[in-house]
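In: what's the 3D shape of this:
(3 chains)
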Amino acid sequence: MAFRNYLCKVSEKAINYLELLNEPQRGAVMQTEGPVMIIAGAGSGKTRVLTYRIAYLIEKGVDPFNILALTFTNKAAREMRKRIEQVVGNEAHALWMGTFHSIFAKILRIEADKLGYPSNFTIYDSDDAKSLIKTILKEMGLDDKVYKPGMVLSRISSAKNNLITAAQYASLSDLTEADSGSGKPKIHDIYRIYTERCFRAGAMDFDDLLVKTHELLSRFPDVLNKYQHKFHYVMVDEFQDTNHCQYSIIKKLSAMRENICVVGDDAQSIYAFRGATIRNILNYEKDYPDLKVFKLEQNYRSTSNIVEAAGSIIRNNKDQLKKQVWTDNPDGDKIRVIRTATDNEEGKVVAENIFEEKMRNQLNNDAFAILYRTNAQSRSIEEALRKMNIPYRIYGGMSFYQRKEIKDMVAYLRLTINPSDEEALKRIINYPTRGIGKTSIDKLILAASQNECSIWTVLENIEKIPAFGSAIKKLADFRNMMLSFRSMLESHSAYDLAMHIARQSTLLKILHDDKTVEGISRYENIVELMNGIKEFTEDDTRDEAKTLDVYLQDIALLTDADNEKGDDDVVRLMTIHAAKGLEFPNVFVVGMEENLFPSQMSISSRQDLEEERRLFYVAATRAEKKLTLSYAMSRFRFGNLTYAEPSRFIQEIDPRYLQVEKVKSNKPEFGGFPAAKKKQDFNFTPVGKSATPSLLFNKKESPINRKVDPNFEPDDTSLLKEGMRVEHQRFGPGIVTLIEGSGEGRKATVEFEEVGIKQLILKYAKVRIIS
DNA sequence: TACTAAGCTCTTTTT
DNA sequence: GAGCTTAGTA
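Out: Numbers count the residues shown, from 1 in each chain, chains lettered A, B, ... in the order given. Model (predicted):
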């Protein structure tokens, strides 16, 4: 009887939320069996459908433990878990939900021994991978100007994502011929050695997490069988961004029951550069002929003007599936296009706009997002926001875990867990300095590769190798220290051990003793890391063991966007890629310039250009109420002043939806060139070789990066040429009291509140002829 | 071996 | 602007 009541209650609850859905949404939720594809336009309630679908499954009696839901970001996974919890309660905990990388890492931890890996394998991030490539290039005697590490890595990565092993790579003539054609015939060798070295180090890179999972499921039928029995229902979010390898894995995993549901939008496919392929959507239709397709075309997010404008852009793409996104929402404001003179002015105008909008409509800061194509663009915007006292937060760019001091500390932890971890070892063997120099390290690496063993194995036997001479003692000391850390693994909590390591390695001490502004900040970061480990150790909501190796695997897959607390009332700054899946009432897309967005590298090929266009589509459809596009006619990029045309994408928008504004420049020297396009038309003279708007000084001495007052003027400009003034300073607040000489190499004495008087060299200064 | 200044190069997006 | 290498000094 009780069970019957329970059933009634469940179905009532189910009906409640099913009523909230429109026709195709409800269909997509209730079609739980068999292969399903949901084509979900921007803002069409995709997350809602996925959430309810899982909730519906659970209420139908499916054990959450048997549901696998894959997303691209941790944030998306967390968000969905939260929303499912709201519907079904605590049961959601047992769901297998996470990013491809984190779920597969979890499986690999369990099954690692089958592949010959330790279960506490290290995850190499892109820096580690790059550094390993460099080491290999050096050993092979190859020129890293020809074999650019980044480029080599991306060749290897795309091979992996297409499930091509090193051996296969060597035998595929179109690949090797392409490499020979570009003067890099050895790529397949590098690939092979790279793979061996990763294996020897007990390490997997991001791609390996996918490839090794695929290998595991292919080579071991019993393992495949186990997970096929486990996952009765498989769901994949952002399907348009999956690569071949990911697709193969989910196909294998769901092969037994074929309860596989993918959700995606071909118009929002923006990761082709990472191996994502639209072919997956087409193959999916081919692989599952009895596929049920649901198209979610009604947009609930944005105003009609935004939906229509975005639609008018994306229609320029040839490669796309048929669908018609529409909305019932009111027209709203037109899309504003703002033209400014410089990047700095662009920042200023955006900041002022935000300020006014906030005042006029009583909005919070978090109602605004500023999106850009490249991370480097954030600087001018940041400065303007700071000047207007508008709090902001940057997502992406240099993340917490990429900071030097954090990577150093993490390297100690990694090496403690996995002594074979070569990249970690190289990082800290002489940091803090303990008299182990370059020569000794080179010898170590050489000995390791001669004996085809890890550097750690060489260290274990260091006393038997006379070639190391006087360095033996120092190397042995280091080894013994690491051994003593290792011996504490069982008996100490992750936090206690980490704290012990930080102290014992003297890392904490040297950071503590460094009283420069940056040193203090580094010390604080380490403290923050320690707090993070403590929190992890004390976190009771997760069922996994709370050991150090689990922590390390966790943070290896964490990105900056995952640190979102969500409740900060700040303006959000991020790349468009990072904004995927998010929405904001007011969106500014800055840097709408040809060669910047679309990026210069993409304009030569149609496919690349179409991806840029989809990227713009994603940016535009993030906005709920207001969308503003801005561009600058001149911009400092990488030390050079560049001149730009407005992006072709602005021209592609149906003009009915646009409202074009010219900003009346409040900078007199820029006032008179509304139609200026060519360099000569600017009343501007760069000085020195490249007119970078910066002063150069020892980076270690610099006050906190980015916390600057761009507003101050030099006190004494008498030694500058007449009519020139220093336009922009990266440091501050402070007062320039003296500038010696002129042009490149000038010296400036600057007084800082925090650090007193400093002598600075003005390497290049951006100056203007005022007259 | 440790440290620093100077010089050179490259310049997209990220799990 | 940032990362990296090189050369030179202590």
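In: near DNA strand B, which residues of the stretch 351-500 of chain A are found?
Out: A:373-376, A:396, A:430, A:433-440, A:471 (Cβ under 7 Å from any atom of the strand). Every C-beta, even on glycine, is put in place using the N, C-alpha and C of the backbone.
In: of the residues you listed, which is the most crowded?
Out: A:Arg373 (23 neighbours; other Cβ atoms under 10 Å).
In: just checking, that one touches A:Ser599?
Out: Yes: under the criterion of Cβ atoms under 8 Å, A:Arg373 is in contact with A:Ser599, at a separation of 6.4 Å.
In: quick revisit: and the least confident of the residues of the stretch 351-500 of chain A next to DNA strand B?
Out: pLDDT across these is lowest for A:Gly396, at 73.
In: so which strand or helix has it?
Out: A:Gly396 is located outside every helix and strand, with elements delineated by DSSP states H and E.
In: what about stretch A:435-446 and DNA strand C, any contact?
Out: No: Stretch A:435-446 lies out of reach of DNA strand C by Cβ under 7 Å from any atom of the strand, never closer than 9.3 Å.
In: centre of the chain versus that stretch, how much separation?
Out: Centroid separation for stretch A:435-446 versus its chain: 34 Å, with Cα atoms, centre = their mean, to the nearest Å.
In: mind listing residues that contact that stretch?
Out: A:135, A:139, A:426, A:429-430, A:455, A:458-459, A:467-468, A:471, A:474-475, A:478 (Cβ atoms under 8 Å, 6 or more residues apart in numbering).
In: who's in contact with the helix or strand harbouring A:Phe649?
Out: Using DSSP H and E, A:Phe649 maps to helix A:648-652. Helix A:648-652 has contacts (Cβ under 8 Å, 6+ apart) with A:312-313, A:316, A:337, A:592, A:594, A:597-598, A:612-613, A:616, A:629, A:631, A:658.
In: in it, what's buried?
Out: Residues A:Arg648, A:Phe649, A:Ile650 are the ones in helix A:648-652 that count as buried (16 or more other Cβ atoms under 10 Å).
In: please apply the same query to stretch A:307-321.
Out: Here stretch A:307-321 shows A:Val307, A:Glu308, A:Ala309, A:Ala310, A:Gly311, A:Ile313, A:Ile314, A:Asn317, A:Gln320, A:Leu321 as buried, counting by 16+ other Cβ under 10 Å.
In: can you check stretch A:394-412 too?
Out: By neighbour count on 16+ other Cβ under 10 Å, the buried set for stretch A:394-412 is A:394-396, A:401, A:403, A:405-412.
In: which of those lies closest to DNA strand C?
Out: Nearest to DNA strand C among these is A:Arg403, at 9.3 Å by Cβ to the nearest atom of the strand.
In: need the per-residue pLDDT for A:Met601.
Out: 85.
In: the one 10 residues further on too?
Out: Model confidence at A:Glu611, expressed as pLDDT, equals 91.
In: any idea how far it is from DNA strand B?
Out: 7 Å (Cβ to the nearest atom of the strand, to the nearest Å).
In: what's the answer for A:Pro118, then?
Out: Applying Cβ to the nearest atom of the strand, the value for A:Pro118 to DNA strand B is 22 Å.
In: do A:Thr621 as well
Out: From A:Thr621 over to DNA strand B the distance is 17 Å, taken as Cβ to the nearest atom of the strand.
In: where does the nearest residue to that residue once chain neighbours are set aside sit: helix, strand or coil?
Out: Nearest residue to A:Thr621, sequence neighbours excluded (Cβ to Cβ, 6 or more residues apart in numbering): A:Ala42, at 3.6 Å. At A:Ala42, secondary structure determined by DSSP: H, G, I helix; E, B strand; the rest coil is coil.
In: contacting residues for the nearest residue to A:Ile603 once chain neighbours are set aside?
Out: Spatial nearest neighbour of A:Ile603, chain neighbours left out: A:Leu609 (5.9 Å); criterion: Cβ to Cβ, 6+ apart. Residues in contact with A:Leu609 (Cβ under 8 Å, 6+ apart) are A:Pro598, A:Ser602, A:Ile603.
In: in the top helix by length along chain A, what counts as buried?
Out: For chain A, the longest helix by residue count, based on DSSP state H, is helix A:517-538. Within helix A:517-538, the residues scored as buried using 16+ other Cβ under 10 Å are A:517-519, A:521-523, A:525-526, A:529-530, A:532-534, A:536-537.
In: quick one: is that helix near DNA strand C?
Out: No: Helix A:517-538 stays clear of DNA strand C (Cβ under 7 Å from any atom of the strand), getting no nearer than 12.0 Å.
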